[in-house]
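> give me a model of this one.
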Amino acid sequence: MKNISRDGHDFSLPEFLAYASLSGAIRPFKRATRYAIGLIIPDWDRRVTYMRAALVVIDRELDFRFRDQVKAFDDEKAESSTDSVLDMLQNTKTIILFKSAEAVPSDLRHALDAIVYVPPPDGRLVRGVVRWAYGIGITEQQADSLGKSNWKRLKLAMTRGRPISRVFAVLEKMAQEEPPAPKQAKDPEALSEVRLEDMAGYGEAKEWGLDLARDVADWRAGTISWEDVDKGVLLSGPPGTGKTMFARALAATCHVKLIATSYAKWQAKGYLNDFLKAMQRSFKEAKEAAPAILFIDELDAFGSRDGAAGSNASYDIKAINGLLEELDGIEGREGVIVVAACNHPGMVDAAILRAGRLDRHVVISLPDEHAREAIFRMHLQDSLAADDHRDFAAATAGVSGAEIEKIVRNARRSARRRRGPITKGDVILHLPFMTDIPPNILKANAVHEIGHAVVGAVLGMDLVKVAITGRIRVDDSVQSLGQARFKRGTWIRRTKEHYLDLIAMTMAGMAAEEVFLGGHDDGVAGNDGSDLFEATKTAIALERSYGMGEKLASYGDLSRRRIEEVGHLDPMLIERVDRTLQEQLDRSKGILQRHWKACLILTDQLVSRLELPGKEVLDVLGEQGKPSQRVAM
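Purely as a prediction, here's the structure:
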C-alpha cells in the first residue's frame with residue numbers, strides 16, 4: 001500500500017480493507033497514465049467506503065478538481081448516470097463503482113477500458129492490513145471474523161492502541177444491543193450464493209478455485225488471454241464431500257453462470273442420438289452464457305473405451321467420443337470452464353484428462369478435524385461458541401461436509417420445534433452415534449498397521465506416520481480403521497524389485513495378523529481398495545503391463561480393467577499372480593518375525609497413543625536391529 005500512510009487520510013480499518021481490495025483489482029492499470037475502469041464491488045451498502053478508498057487509489061483526494069473521477073453508478077437513474085459517466089471519461093483516470101455486472105449499461109460496457117470484479121476481503125488480506133496499519137498480529141479465525149463484521153461497527157470498534165480482545169468484545173456488545181431484523185424467507189436462488197471464500201474443508205480445490213477466479217477477472221479485464229485460463233478440472237472424492245456445492249460456490253466467486261448437468265440427465269433423453277443432442281445443448285448453453293461454468297456430474301459413468309465390452313460397448317465409445325468432441329470444440333469454447341465430478345477417477349477415459357480438456361485433477365477428501373471444525377463454524381455462523389465447534393469436530397471423525405450440513409440443518413429444526421435458539425444440545429442430538437472400539441479389536445488393528453509400517457521401513461520406504469482409529473460411527477458406512485502413510489519418492493526407479501517391495505508392504509498387514517494373531521480377518525480383502533485387491537492389481541501389472549513376469553508381451557495400461565477381464569485375456573495369469581502374492585506374503589512374515597520384539601513394542605505404543613510418527617518407528621527398529629538393511633527375496 002505504497003500510496004497511503006498508516007496515519008494519513010483518517011482511514012479506519014474498513015477504508016484500509018477497501019483500499020487494499022481496490023488496489024489489487026486495478027493492479028494491471030497502476031502504471032497507466034489514463035484509464036476508465038468499472039469496478040463491481042461485493043457489497044453495495046459499503047459503496048461510500050469504497051468511493052473514499054478509490055479517491056486515494058488514484059491519488060487525487062486532496063485536489064478538489066479531481067473529485068469527479070470516482071462515481072457510484074445509480075442504476076435506478078441509468079440514463080442520467082450514464083451521461084454523467086460519459087462526461088467523466090475525459091478525465092485522465094476514472095473509476096466507476098457498480099452494484100453488479102447486470103447494472104452496467106451496454107454503452108458503458110464498451111466505453112470503459114475494463115470491468116473488474118472486486119473480491120471481498122479474505123482472511124489473508126485482513127491479517128496483512130491489520131498488521132500493516134495497526135501493528136497487531138491476529139489469527140486466521142479472528143481475520144475471518146473481522147472480514148465478515150459490519151463495517152460501521154468495525155469502524156467504531158477498531159481503534160489504534162486498543163487490544164484485539166477488546167475490539168471483539170466491543171463488536172459482540174454492539175451486535176447484542178442491536179434489535180434483530182425481521183427475517184424474510186430466503187430466495188431459493190440465494191442458496192447458490194455461498195462463495196468459495198466462505199467455505200471450509202476444501203484444501204487444494206479451494207486454492208485452485210480462488211486462483212481461477214482471479215484469472216477469470218484478469219481475462220475480463222483484458223490483461224490475459226483465454227489461453228492463460230484453466231479450461232477444466234476433474235473433482236474426485238467420496239460421496240458427500242461437497243463436489244456439487246463446490247461448483248456452485250466457484251461460480252458465485254467467479255461471478256459467472258453455472259450450468260449443471262450430469263451423465264444421467266443426458267442419458268435420460270433416450271437413444272444415443274438423443275444423448276448426444278442433450279450433451280451438445282448443454283455445451284451450447286454454456287457458450288451462449290459465457291463466461292460460464294459447465295458442471296458435469298457422474299463423469300465416471302462414461303467409463304473408458306479401453307474397458308468397453310459387451311452389447312453396450314458401441315454406445316459407450318460413441319458417448320465418450322461425443323464428449324471429447326465437445327471438450328475440444330472446433331469453434332472453441334472461450335469463456336467456458338468445464339468442472340466435472342466423479343467418485344472413481346480411475347474409471348474415467350484417459351483421453352478426457354489430456355491437456356486442453358480436463359487436464360487438472362483435484363481430490364476432495366473427507367475433511368480432517370480442523371476442517372470439520374471450520375465447516376461447523378461456517379454452517380452455525382455465530383450461533384455457538386468456538387469450543388462447541390471443536391467438540392463437534394472431535395465427535396465426527398469420518399463425516400463428510402454434506403453430512404455436517406445435514407447435522408446442523410436437523411439441529412436448527414429441533415430448535416424451531418421447541419421455539420428457541422439453537423443450542424449445543426440440539427447439535428449433539430443429531431451427531432452420529434460413536435462407540436469406542438473394543439480393546440481386542442483395537443489391538444488387532446494396531447498389529448495390522450504396524451505390520452505395514454515395519455515391513456515398509458525395513459524395505460527402505462519413507463514412513464511418515466502410522467495411525468489407528470479409537471472410535472467409529474455405529475452405522476453401515478465404510479470407515480478407515482487405520483493407515484501407515486509413506487512418502488512417495490520422486491526419483492525412484494520402478495524396477496521389478498520396487499514392485500515386489502510394494503506388494504510385500506501391501507501384504508504386510510495380513511502377514512502381521514497371521515504371525516501375531518494366528519490368522520487374518522476379512523478386512524484385508526473382499527472389496528475394491530482392500531490390501532489384497534491392491535496387491536493383486538500390482539502383481540497383474542508387473543506380469544502383463546511392465547514386462548517383469550514370465551512373459552514380455554504387454555497389455556498396456558490395465559488400471560481401468562477389472563481383474564476378471566484380464567483373466568479372460570490370459571487364463572494362466574491368476575496362477576502366476578497368486579504365486580507372486582504368496583511369495584511376498586511369506587517374505588513379509590519373515591521380516592516381521594526377525595523384528596518380533598520391535599513389533600510388540602510398537603503395537604503397544606500405537607494402542608496407547610493411536611498415532612506414531614515415522615521417526616519413532618525407525619528409532620524402535622534401530623534399537624532392536626537395523627531397519628534400513630534390505631531383506632533378501
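> list the buried residues for stretch 19-34?
Neighbour counts over stretch 19-34 (16 or more other CB atoms under 10 Å) mark Y19, A20, S21, L22, S23, A25, I26, P28, F29 as buried. Bear in mind the C-beta positions are built from the backbone N, C-alpha and C, glycine included.
> avg pLDDT for it?
For stretch 19-34, mean pLDDT rounds to 83.
> what do you get for stretch 498-511?
95.
> the bottom helix or strand of the chain by mean pLDDT?
When each helix and strand of the chain is scored by mean pLDDT, DSSP states H and E, helix 563-569 comes last, with a mean of 58.
> next SSE after that one?
Of the helices and strands lying after helix 563-569 in sequence (DSSP states H and E), the nearest is helix 573-594.
> got a list of contacts for that following helix?
Taking contacts as CB atoms under 8 Å, 6 or more residues apart in numbering, the residues outside helix 573-594 that touch it are 451, 454-455, 458-459, 500, 503-505, 507-508, 510-512, 514-516, 532, 535-536, 539-540, 542-544, 549-550, 566-567, 599, 625, 631, 633.
> one more time with 7 Å, if that's ok
Contacts to helix 573-594, defined as CB atoms under 7 Å, 6 or more residues apart in numbering, come from residues 451, 454-455, 458, 500, 503-504, 507-508, 510-512, 514-515, 535-536, 539-540, 543-544, 549-550, 566-567, 599, 631, 633.
> now do stretch 454-465
453, 484-487, 489, 501, 504-505, 508, 588, 591-592, 595, 598-599, 611-614, 617-618, 621, 627-628, 630-631.
> ok, stretch 34-41 next?
The contact list for stretch 34-41, computed with CB under 7 Å, 6+ apart, reads 22, 25-26, 29, 47, 50, 89, 92-98, 100-101, 104, 108, 111-118.
> buried stuff in stretch 366-376?
L366, P367, A371, R372, E373, A374, I375, F376.
> next one: stretch 538-551
Of all the residues in stretch 538-551, those buried under the rule 16+ other CB under 10 Å are T538, A539, I540, A541, L542, E543, R544, S545, M548, G549.
> from these, which ones fall inside strands?
Among the buried residues of stretch 538-551, no member falls in strands (DSSP state E).
> confidence-wise, which of those comes last?
With pLDDT as the yardstick, R544 is the minimum among these, at 77.
> now that one: how far from G209?
40 Å (CB to CB, to the nearest Å).
> and what of P163?
Relative to G209, P163 is positioned 35 Å away (CB to CB).
> now do the strands in the stretch 401-550 of the chain.
With DSSP state E, counting those that start in this stretch, the ranges of strands along the stretch 401-550 of the chain come out as 434-436, 462-468, 471-473, 482-487.
> can you dump the C-alpha atoms of the last one in PDB for me?
Which is strand 482-487. Once non-C-alpha atoms are left out, strand 482-487 reads as follows in PDB (Å, rounded to 0.1, in the frame of the first residue of the first chain):
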ATOM      1  CA  GLY A 482      -6.000 -47.100  10.400                       C
ATOM      2  CA  GLN A 483      -3.200 -46.400   8.000                       C
ATOM      3  CA  ALA A 484       0.500 -46.500   7.500                       C
ATOM      4  CA  ARG A 485       1.400 -43.500   5.400                       C
ATOM      5  CA  PHE A 486       4.600 -43.400   3.300                       C
ATOM      6  CA  LYS A 487       6.100 -40.500   1.300                       C
END
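> what's near enough to touch S414?
With contacts defined as CB under 7 Å, 6+ apart, S414 is in contact with D426, L429.
> and it, how far from A402?
Computed as CB to CB, the S414 to A402 distance reads 19 Å.
> can you check A457 too?
Applying CB to CB, one obtains 37 Å for the distance of A457 from A402.
> circling back: I'd like to know which of the contacts of stretch 34-41 are buried.
Those of those that meet the buried threshold are 22, 25-26, 29, 47, 50, 93-98, 104, 108, 112-118, by 16+ other CB under 10 Å.
> pick the most buried one from the strands of the stretch 401-550 of the chain.
Greatest average neighbour count among these goes to strand 462-468 (a mean of 21), per mean count of other CB atoms under 10 Å.
> strand 482-487 and that strand, what's the angle between them?
Put simply, strand 462-468 runs at 170 degrees to strand 482-487, going by axes from the mean of the first three to the mean of the last three CA atoms, to 10 degrees.
> so how far is strand 462-468 from its chain's centroid?
Its chain's C-alpha centre and that of strand 462-468 lie 24 Å apart, by CA atoms, centre = their mean, to the nearest Å.
> residue contacts, the closest residue to H448 other than its chain neighbours?
The spatially closest residue to H448, leaving aside those adjacent along the chain, is G509, at 4.1 Å (CB to CB, 6 or more residues apart in numbering). For G509, the set of contacting residues under the criterion of CB under 7 Å, 6+ apart consists of H448, E449, G451, H452, V524, D531.
> hang on, the fifth one packs against S530?
Yes - contact status for V524 versus S530: in contact at 6.2 Å, counting by CB atoms under 7 Å.
> the stretch 401-550 of the chain: helices as residue ranges?
Secondary structure of the stretch 401-550 of the chain by DSSP state H, counting those that start in this stretch: the helices cover 401-417, 424-430, 439-458, 496-517, 531-544.
> and among those helices, the most buried is which?
Highest mean neighbour count among the helices of the stretch 401-550 of the chain (mean count of other CB under 10 Å): helix 439-458, with a mean of 24.
> next one: Y50 from A103, what distance?
As for Y50, its distance to A103 is 15 Å (criterion: CB to CB).
> low-confidence ranges, the stretch 51-200 of the chain, go.
Within the stretch 51-200 of the chain, the stretches falling below the threshold (pLDDT under 70) are 59-68, 75-84, 87, 177-193.
> and what of the stretch 501-633 of the chain?
By pLDDT under 70, the low-scoring segments of the stretch 501-633 of the chain are 526, 528, 555-571, 624-633.
> quick one: the closest residue to M548 other than its chain neighbours and V577, what's the gap?
The spatial neighbour of M548 that comes closest, neighbours along the chain excluded (CB to CB, 6+ apart), is K496 at 4.2 Å. Using CB to CB, one gets 14 Å for the distance from K496 to V577.
> swap in F29?
Relative to V577, F29 is positioned 63 Å away (criterion: CB to CB).
> before we move on, what about D328?
Distance of D328 to V577, computed by CB to CB: 39 Å.
> ok, now V85?
Using CB to CB, one gets 73 Å for the distance from V85 to V577.
> next one: Q142
Between Q142 and V577 the distance, using CB to CB, works out to 56 Å.
> check G425 too.
Applying CB to CB, the value for G425 to V577 is 55 Å.
> run a quick neighbour tally on I40.
22 (other CB atoms under 10 Å).
> hey, what's it bridged with?
Listed beta-bridge partners, I40: F98, Y117 (assigned using DSSP bridges).
> again, but for A36
Beta-bridge pairing of A36, defined through DSSP bridges, involves T94.
> likewise D436?
When bridges are assigned using DSSP bridges, the partners listed for D436 are R471.
> and the pLDDT at it?
85.
> related to what we said a few turns ago, could you list which of the buried residues of stretch 19-34 belong to strands?
Secondary-structure check on the buried residues of stretch 19-34 using DSSP E: no residue lies within strands.
> between those residues, which sits nearest M572?
Nearest to M572 among these: P28, at 64.3 Å, using CB to CB.
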